[in-house]
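Enquirer: pasting the sequence and the predicted coordinates here, then a few questions.
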Amino acid sequence: TLQQNPQLTAYPFYIRQLEAQYSQADISPALMAEVELAKNTATLTLSQSIELGDKRQARTSFTSAKQAQLQAEFEITKLDVLAETSRRYYQLLALQKQKVLLSTRIGQEQRALKIIRKRAKAGAVAQADVATMELGLARSNNTFEQLNFEVALQKNALSAMWLSQDSLNQTRDNSILGSLSKLPLLPNKEALTQIIKQGIEQLPDYRYQIALARLADQQVALNQANGRANLNLGLGLRHNDSSGEQSLVVTASMPLNFTNPNRGRIASAQAGQALSQQQLADKRLQLSIELNRISATLEKELQQAKEINNLLLPLASELLSSTQKAYRQGQYTVLQWVDAQNQVFNLEQDLINSQVRIFTQVLELERI
């Protein structure tokens, strides 16, 4: 993804553009040559515009701020792209695990259907029980086909992050490696609290906002510098045809601006500067709130996954085993058996979803 994602491969071109803009900003005004022809006289003057108000420094400083902003933006984009790649990877892992889970369920339903058909043939249960289980098996097979389709789509979505259509689809059964059951390393709560209290300034999103604020500052400085008039100095030679005399000519000119001609741009830049300072303060609060939210969500999701895995699933499995045994003895209906199967299947689905949410929340924390 780092090597081939189109969002990331575009940045070297942006950098080259800004390098060229910096070279342009560093250029001083060119020397001007002027020829004046009048009756009996000809004057050749060389003049130079002298920039006042540190315009050249303001231009290069503004371009440097744009380069710093672009670098910070690139880091943010890189984090966003890698996070999206990881999200798609986790979703594909979840779909693969759901396929395995559903395949196991289909095997259980096929074995249950054999038992029910055998009991129906012996007259122990009604033919409706057979139809009920056949319908459940047919629905499971249909869902399995849909999962195959979703897996193929998710493979394409993942490989699109590095602009490849076939690397994950060489065969229909080609699967990515990974386990949702092995949960990621969780953050140290004390370290997270320390970041929220004192380390916000080091986070990439905050550094990017600082870069935007500095760019706004340089925009104000550039517009203020451009509001200063330039001084034009010239030195020339005048020749008089009538007398044959030559004389030295010195010229100086400067616009008479009684009001700043750039005052509108300056006011606009100052408004942008104030906005960037407000956004900087807002970003600090937003990041603090988001980190606290992720921490609380992680704690809840971990507790839920633990409860499903250690309490609910064992109870549901025990219920399924007891119900299956009771059905064979004629004590339960097939609907009760199917319901017990659904209880186990749904809890296993809930566990997968909870695991994906845990991975995603840790991912969001790493992204920040």
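Expert: The structure has been received and is ready for your questions. Residues are numbered from 1 along each chain as shown.

Enquirer: make it CA atoms for all contacts and neighbour counts henceforth
Expert: Will do.

Enquirer: what segments of the stretch 201-350 of the chain are strands?
Expert: For the stretch 201-350 of the chain, the strands defined by DSSP state E, counting those that start in this stretch occupy 231-240, 246-253.

Enquirer: Serialize those strands to TSV and add fields for mean neighbour count and mean pLDDT.
Expert: Below are those laid out as TSV (neighbours: other CA atoms under 10 Å; pLDDT from 0 to 100):
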stretch	mean neighbour count	mean pLDDT
strand 231-240	16	94
strand 246-253	12	93
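
Enquirer: give me the below-cutoff pLDDT ranges for the chain.
Expert: For the chain, the stretches with pLDDT under 70 are 165-173.

Enquirer: could you pull out the helices in the stretch 201-350 of the chain for me?
Expert: Secondary structure of the stretch 201-350 of the chain, counting by DSSP state H, counting those that start in this stretch: helices at 204-226, 263-307, 313-328, 334-367.

Enquirer: quick one on the thing from earlier: turn the strands of the stretch 201-350 of the chain into CSV, including distance to Gln329.
Expert: What follows is those, written out as CSV (distance: least, CA to CA, whole Å):
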stretch, distance to Gln329
strand 231-240, 106
strand 246-253, 111
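
Enquirer: deepest-packed of the helices of the stretch 201-350 of the chain, please.
Expert: When the helices of the stretch 201-350 of the chain are scored by mean count of other CA atoms under 10 Å, the highest mean neighbour count falls to helix 204-226 (a mean of 22).

Enquirer: now that helix - C-alpha only, PDB.
Expert: Extracted in PDB, the C-alpha atoms of helix 204-226 (Å, rounded to 0.1, in the frame of the first residue of the first chain):
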ATOM      1  CA  PRO A 204      -0.200  13.800  14.000                       C
ATOM      2  CA  ASP A 205      -3.600  15.400  13.700                       C
ATOM      3  CA  TYR A 206      -2.600  18.200  16.100                       C
ATOM      4  CA  ARG A 207       0.800  18.700  14.300                       C
ATOM      5  CA  TYR A 208      -1.100  19.100  11.100                       C
ATOM      6  CA  GLN A 209      -3.400  21.700  12.600                       C
ATOM      7  CA  ILE A 210      -0.200  23.600  13.800                       C
ATOM      8  CA  ALA A 211       1.100  23.500  10.200                       C
ATOM      9  CA  LEU A 212      -2.100  25.000   9.000                       C
ATOM     10  CA  ALA A 213      -1.900  27.700  11.700                       C
ATOM     11  CA  ARG A 214       1.600  28.600  10.700                       C
ATOM     12  CA  LEU A 215       0.600  28.700   7.000                       C
ATOM     13  CA  ALA A 216      -2.200  31.200   8.000                       C
ATOM     14  CA  ASP A 217       0.400  33.300   9.800                       C
ATOM     15  CA  GLN A 218       2.700  33.400   6.800                       C
ATOM     16  CA  GLN A 219      -0.300  34.300   4.600                       C
ATOM     17  CA  VAL A 220      -0.900  37.400   6.700                       C
ATOM     18  CA  ALA A 221       2.800  38.300   6.600                       C
ATOM     19  CA  LEU A 222       2.900  37.900   2.800                       C
ATOM     20  CA  ASN A 223      -0.200  40.100   2.200                       C
ATOM     21  CA  GLN A 224       1.200  42.800   4.600                       C
ATOM     22  CA  ALA A 225       4.500  42.700   2.700                       C
ATOM     23  CA  ASN A 226       2.800  43.000  -0.600                       C
END
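
Enquirer: pull the longest helix from this structure.
Expert: Using DSSP state H, we find that the single longest helix of the chain is helix 55-121.

Enquirer: part of a strand, is Glu34?
Expert: Yes. According to DSSP: H, G, I helix; E, B strand; the rest coil, Glu34 belongs to a strand.

Enquirer: hang on, the earlier thing: helices or strands up against the longest helix of the chain?
Expert: Applying 3 or more CA pairs under 8 Å, 6 or more residues apart in numbering; DSSP states H and E, one finds that helix 55-121 makes contact with helix 6-9, helix 11-25, helix 127-159, helix 204-226, helix 334-367.

Enquirer: dump these to CSV, plus distance to Gln96.
Expert: Formatted as CSV, the helices and strands packed on helix 55-121 follow (distance: least, CA to CA, whole Å):
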stretch, distance to Gln96
helix 6-9, 27
helix 11-25, 35
helix 127-159, 7
helix 204-226, 33
helix 334-367, 10
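
Enquirer: of the ones you listed, which is nearest Asn232?
Expert: Smallest distance to Asn232 across those (CA to CA): 15.3 Å, for helix 204-226.

Enquirer: show me what the closest one is packed up against.
Expert: In terms of contacts (3+ CA pairs under 8 Å, 6+ apart), helix 204-226 is packed against helix 55-121, helix 263-307.

Enquirer: out of these, nearest to Tyr14?
Expert: Between Tyr14 and these, the shortest separation by CA to CA is 8.1 Å, and it involves helix 55-121.

Enquirer: helix 334-367 and the closest one, what's the angle between them?
Expert: Orientation check (axes from the mean of the first three to the mean of the last three CA atoms, to 10 degrees): helix 55-121 against helix 334-367 gives 170 degrees.

Enquirer: who's in contact with the nearest residue to Leu319 once chain neighbours are set aside?
Expert: Spatial nearest neighbour of Leu319, chain neighbours left out: Ala340 (6.5 Å); criterion: CA to CA, 6 or more residues apart in numbering. Ala340 is in contact with Ala316, Leu319, Leu320, Thr323, counting by CA atoms under 8 Å, 6 or more residues apart in numbering.
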